[in-house]
Every structure is written in structure tokens, then in C-alpha cells.
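1. This is the structure alone, sequence omitted:
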């Protein structure tokens, strides 16, 4: 039988082998005082959506993209505040955390850091798109590309103290060099990416239901998502460079529709991961 003490930290394990090793932890065959067991317990609870971090892109001296009548920073903030209000009103037990609630500038690294500190279960960054061709239109949702997953892995290890915080009294020692711990982090990292794609796909599906042009789910190297230690997406709610879409995003009707689309996607995601 394979045991965690036989794990080779230098070996590149296949997904099947990693799942098998995780199975040993789940069966309690790893030493009870290892961090891996505690992280395994925590990783299961992370499949419940209890805290959502909402990020309104840009802000302060950084206006983001500009339309003929508005700036991205203002449109994103209005949508985020409406979305947060709706979540708090209609999803009892779900806490909303904001990276900003006013017109202030936040460094990119500080945004996911807020989500990490609050032990958020989702990180959602809202932006407006722009292109030199004014006819460009539609929505798209981005997830972190493969080339930035290493940064997420580092962030997840750094967040270990947060994951363990509620269980200090159980006297578990966290050892970042523990091979079984690294395996759990590897699986959590892969799962975060898969869940990010799931949430992004649900968002695009809801936008499509409202007759918005669907530009799909895309992977990009984005600093604002790279260090988020949870499923994270950046959604582009429309082209501010397109006069018609800018008018739509500035209207109460348009903002309500966008908020409803995002809210429905979150609800469907929550049902899926918690079922």
C-alpha cells in the first residue's frame, strides 16, 4: 500500500496518482497530525459558497477604458454595488466582501489579497471591454491562464495560516514542506481552475439568455486573478467603446439585467458545488 511517507517530492505525479494519494488522506491513512488532513477537511468545506469577494475594476486615478459618456471604473462600481446588495438580500448566509465601494484606486495585488484575507470562496472582478472598432460588442469572462497557476499555488501556500486559523486549538502543525500537504494544494489548485471555468461558463450562459453577444470563456495572464486562492473570474460586461452598449450599461435597465445575469450564475454555481 502506498503511504504518504513514500511520496517523492521531486516526482511529477499523474492526476490518477494524485487522486489515489488524496484518497489515502481521505481514508485517514495519513498521520492524523499532518497538515494535509486538516487541509483536506478544509478543502471539503471550501465547496460551500459562504463568502464572495466582488471587485470593481480600476478606480481613483485609473479610469480604465473610456466611452463617450463614461469611464469603466464608474460603470463597474455601480454594477458591483448592485450585485452585492442583491446577493446580501436574496442569499441568506452569504457574506459579500468588496475590494472597493468608492472611487478609490487599489493596486492589482491588493484586490485578491482582500479575498484571501477574508477566506472568500469566490472572487469576481467586474470590468468593461474596449476596442478601437466601435462596432465590437458582447460579453466575455476570463480565467487565469496556465502560465500564472504557479503564482496561485504560492498564494495558496501563503494562505495556509488562514485555512488553519479556526483549528489552532487542535494543535495541528503546518509544514509547507510536507509532501502530502503539497499534494492537497496541487489538487486544490487544479480544482480552483476547473471551478473558475465552471463559474465563467455559467456567467456567459446567463448573458446569452439575455440576448447578449457571447464572446466566450477565455484564459489570460491576469495579475488580478493570479494570486487568488479560490475560484476567480474577471467578467467583461460589455464594450464601453460601443455607443449602444455604453448606453445599455449606463441605464438602470441594463445594469439590472447584468446584475441579474451574474446573480443567476452565482446561484447556479452555488447549487452545483453544494449538491
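-> Nice, thanks for sending it over. It should be emphasised that the depicted structure is a prediction, and the values quoted were computed from it without experimental measurement.

2. Please make it C-alpha for all contacts and neighbour counts, starting now.
-> Noted.

3. distance of residue 125 from residue 102?
-> 15 Å (CA to CA, to the nearest Å).

4. Tell me which of the two has more neighbours.
-> Between residue 125 and residue 102, counting by other CA atoms under 10 Å, residue 125 is the more crowded of the two (24 against 14).

5. what is that one paired to in the beta sheet?
-> Residue 125 has these beta-bridge partners by DSSP bridges: residue 55, residue 234.

6. wouldn't it be in contact with residue 56 here?
-> Yes. Counting by CA atoms under 8 Å, residue 125 touches residue 56, with 6.0 Å between them.

7. Check which helix or strand residue 259 maps to.
-> Assigned by DSSP states H and E, residue 259 belongs to helix 252-274.

8. Give the other helices and strands that that helix contacts.
-> On a contact count with 3 or more CA pairs under 8 Å, 6 or more residues apart in numbering; DSSP states H and E, helix 252-274 meets helix 72-90, helix 179-209, helix 243-250.

9. Please repeat the previous calculation with a cut-off of 6 Å.
-> Contact partners of helix 252-274 among helices and strands, from 3 or more CA pairs under 6 Å, 6 or more residues apart in numbering; DSSP states H and E: helix 179-209.

10. and the helix it packs on, average pLDDT?
-> Per-residue pLDDT over helix 179-209 has a mean of 80.

11. again, but for stretch 255-264
-> What stretch 255-264 shows for mean pLDDT is 98.

12. List of residues touching it?
-> Residues outside stretch 255-264 that contact it (CA atoms under 6 Å, 6 or more residues apart in numbering) are 83, 203, 206-207, 249.

13. 8 Å instead?
-> When contacts are defined by CA atoms under 8 Å, 6 or more residues apart in numbering, stretch 255-264 is touched by residues 78-80, 82-83, 86-87, 203, 206-207, 210, 237, 248-249.

14. Give me the neighbour count for residue 196.
-> Counted with other CA under 10 Å, the neighbours of residue 196 add up to 24.

15. Quick check: nearest residue in space to it, chain neighbours excluded?
-> The shortest distance from residue 196 to any non-neighbouring residue, by CA to CA, 6 or more residues apart in numbering, is to residue 231 (4.7 Å).

16. hang on, the earlier thing: now for the contacts of stretch 255-264: which two are most distant?
-> 87 and 248 (22.1 Å; CA to CA).

17. list the contacts for residue 266?
-> Residues near residue 266 by CA under 8 Å, 6+ apart: 199, 202-203.

18. Next: residue 99.
-> 53-56, 106, 111, 114.

19. Name the residues of the helix holding residue 259 that are buried.
-> Across helix 252-274, burial judged by 16 or more other CA atoms under 10 Å covers 254-255, 257-267, 269-270.

20. can you check stretch 83-101 too?
-> Neighbour counts over stretch 83-101 (16+ other CA under 10 Å) mark 83-84, 87, 95-100 as buried.

21. swap in stretch 238-252?
-> For stretch 238-252, using 16+ other CA under 10 Å, the buried residues are 238-243, 245-250.

22. Right, I'll call it a day here.
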